[in-house]
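**Student:** have a look at this prediction, sequence included:
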Amino acid sequence: MPAPAQPATSPSPQAPPAPSPQAPQQPQPLLQPEPETAAPGRWRGVRTSLGKFGGGGDDRGRHLRRGLGHYSRSGMGGSRNAARRMGGSARTAGILHNALTSLANGEQLPQELGIDPLALAGLSPSEIADALVDAIRPIDGTQDAEATRDSVARALSDILDQNADITSLTPQQIDQVTASTLGYDVALRIELDVGKAIIAKAPTKSEGLERLQEMKDYVREVVAAEYAAERTSVGSVGRAAIERISRNAIQQAFEVFEEDGEL
């Protein structure tokens with residue numbers, strides 16, 4: 001007689017492996033949102049106008065404004081989309097503002113930064129600034145991270161020329177650093193995308209670099225003005241409010257580019 005069939009058995013459940021020791025948690029990288037698929041020829045108008053700006057002449061200001069207008073509307077998909085795609089910059093600005101405010105008030109730094117306050121003791125102002133840059137925007141190998149790190153470092157360096165004690169900035173100086181960080185970041189983003197068009201059409205490389213700096217200074221002025229306008233409508237603020245103010249300032253700046261470019 002055949003042997004009775006054996007019931008089917010499922011594999012024995014295995015206990016999950018024991019967790020391995022974890023390294024101290026680091027702040028999560030603030031990645032910019034992934035851009036949508038680029039529309040064919042989206043930089044054409046930008047490069048044409050900025051090339052004419054780089055070439056110089058009395059009407060170069062008009063070409064600069066038109067170039068930035070094209071950059072916002074065609075290159076970035078409009079001011080709202082530009083602000084969304086630069087959301088990481090706004091988040092960084094909120095973290096930076098919160099950290100500088102905590103230092104100025106003698107409060108504990110945000111835990112997410114992973115900075116031991118005792119470790120800052122004895123450091124020079126520039127070394128403290130470097131520690132803040134590393135904590136606020138860690139290196140993650142992306143161009144966005146490098147650009148934002150550079151922007152934060154430049155903004156902190158600028159304020160150190162006014163106040164050597166970075167741990168005791170006034171509220172106005174903290175806002176200045178925040179606005180400056182945003183301005184540097186927007187200007188650098190534009191430079192990385194289309195800055196070569198300015199230099200390529202300039203009579204000399206030296207003049208091209210001058211025109212490029214002129215463009216970045218103008219962008220920073222617009223961003224700073226829009227940040228100040230957004231900031232004056234809000235009283236005492238925290239990190240979330242500064243992030244919202246920064247995001248709005250970026251969007252408003254790109255709207256100015258479109259309006260001044262008559263697009």
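**Tutor:** That came through fine. Numbers count the residues shown, from 1 in each chain.
**Student:** compute the number of surrounding residues for residue 241.
**Tutor:** Counted with other CB atoms under 10 Å, residues neighbouring residue 241 total 16. To be clear about C-beta, it is placed using only N, CA and C from the backbone, and glycine gets the same treatment.
**Student:** mind listing what it touches?
**Tutor:** Shown in contact with residue 241 (CB atoms under 8 Å, 6 or more residues apart in numbering): residue 234.
**Student:** which helix or strand contains it?
**Tutor:** Assigning secondary structure by DSSP states H and E places residue 241 in helix 239-260.
**Student:** show me which residues of that helix are buried.
**Tutor:** The neighbour-count check on helix 239-260 (16 or more other CB atoms under 10 Å) flags 239, 241-243, 245-258, 260 as buried.
**Student:** burial of residue 193, as a residue count?
**Tutor:** Neighbours of residue 193 using other CB under 10 Å come to 15.
**Student:** check contacts around it.
**Tutor:** With CB under 8 Å, 6+ apart, residue 193 has these contacts: 43, 71, 75.
**Student:** next: residue 211.
**Tutor:** Neighbour list for residue 211: 53-54, 56, 60, 198-199, 202 [criterion: CB under 8 Å, 6+ apart].
**Student:** now residue 71
**Tutor:** 46, 190, 193-194, 257.
**Student:** give me that answer again for 10 Å
**Tutor:** For residue 71, the contacting residues are 42-43, 45-47, 49-50, 82, 189-190, 193-194, 219, 254, 257-258, 261, by CB atoms under 10 Å, 6 or more residues apart in numbering.
**Student:** got it, and residue 68?
**Tutor:** 46, 49-50, 53, 75, 190, 194, 215, 218-219, 222, 253-254, 256-258, 260-261, 263.
**Student:** and the helix or strand residue 206 falls within, which residues are buried?
**Tutor:** If you go by DSSP H and E, residue 206 is part of helix 205-232. Applying a neighbour-count criterion of 16+ other CB under 10 Å, one finds 208, 210-212, 214-216, 218-220, 222-227, 230-231 buried in helix 205-232.
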